[in-house]
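Need a 3D model of the following:
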Amino acid sequence: MDQNQKKICAAEEAVKYVKENAVLGVGTGSTVNYFIDRLEPIKDKIKGAVSSSVASTKRLEAMGIKVFDLNDVDSFDIYVDGADEINPEMDMIKGGGAALTREKIVAAVARKFICIVDDTKVVDVLGKFPLPVEVIPMAREYVARELTALGGRPVYREGCVTDNGNHILDVHDLKITEPKKLEQTINAIAGVVTVGIFGRRGADVLIVGTDNGAKVTEKK
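A predicted model of the protein is given here:
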């Protein structure tokens, strides 16, 4: 089974968590796109969605699914999103698609976070994937110096402007053994909008697409 087939396998399993007449939280990225595609047969049974990016919003609306502004929704049952890396404690690195801030906000409102990935994204220790940090443009070089002091090697993601009008620094050479602590430390740097560590709000359910089908793990 190739990587795309594994992503499809995970996406199809996630659809089983969708309840009738529900509002869904929907993330961003290639695996989530497969999930959105698989909402087509049940789109008339759900109330709508809250989206974490302009790209996902367009995809949902093109299918005829109503997209709500998060300010108009108190809470919702599930948020389905992918990850660039996820560890056994269900801490994640996200932000490869530059939607980390909105993803983190939508995840905070959801009662349950369902992470869908292929098996290449499951790791013992986070950090092989460069850690995205969304920054206010005027603070980019200052934040880069602070990230260097933490032992990382920040690289400006040229040509990338987030949906919020900000820049991304991708931090290489980090071995993230204490995700929640590092998340708090980086978020405290002036000029940082948010860091792509999802530790304080990690996944509740992990669905991994493998050669043997979808493997589901629920957080204890």
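
hey, let's count contacts and neighbours off CA atoms from now on
Noted.

which residues of the chain fall in helices?
Taking DSSP state H, the helices of the chain run over residues 3-15, 30-37, 54-62, 100-109, 140-149, 179-187.

the inter-axis angle of the third one versus helix 30-37?
Relative orientation of helix 54-62 with respect to helix 30-37: 10 degrees, computed using axes from the mean of the first three to the mean of the last three C-alpha atoms, to 10 degrees.

which helices and strands does helix 54-62 pack with?
helix 30-37 (3 or more C-alpha pairs under 8 Å, 6 or more residues apart in numbering; DSSP states H and E).

10 Å - rerun?
strand 23-26, helix 30-37, strand 48-51 (3 or more C-alpha pairs under 10 Å, 6 or more residues apart in numbering; DSSP states H and E).

most neighbours per residue, which of these?
strand 23-26 (a mean of 25; mean count of other C-alpha atoms under 10 Å).

List the buried residues of the longest strand along the chain.
Counting by DSSP state E, the longest strand found in the chain is strand 110-118. For strand 110-118, a neighbour-count test (16 or more other C-alpha atoms under 10 Å) marks Ala110, Lys112, Phe113, Ile114, Cys115, Ile116, Val117, Asp118 as buried.

now stretch 204-220
Within stretch 204-220, the residues scored as buried using 16+ other C-alpha under 10 Å are Asp204, Val205, Leu206, Ile207, Val208, Gly209, Thr210, Gly213, Ala214, Lys215, Val216, Thr217.

Equivalent analysis for stretch 78-89, please.
Those would be Ile78, Tyr79, Val80, Asp81, Gly82, Ala83, Asp84, Glu85, Ile86, Asn87, for stretch 78-89 by 16+ other C-alpha under 10 Å.
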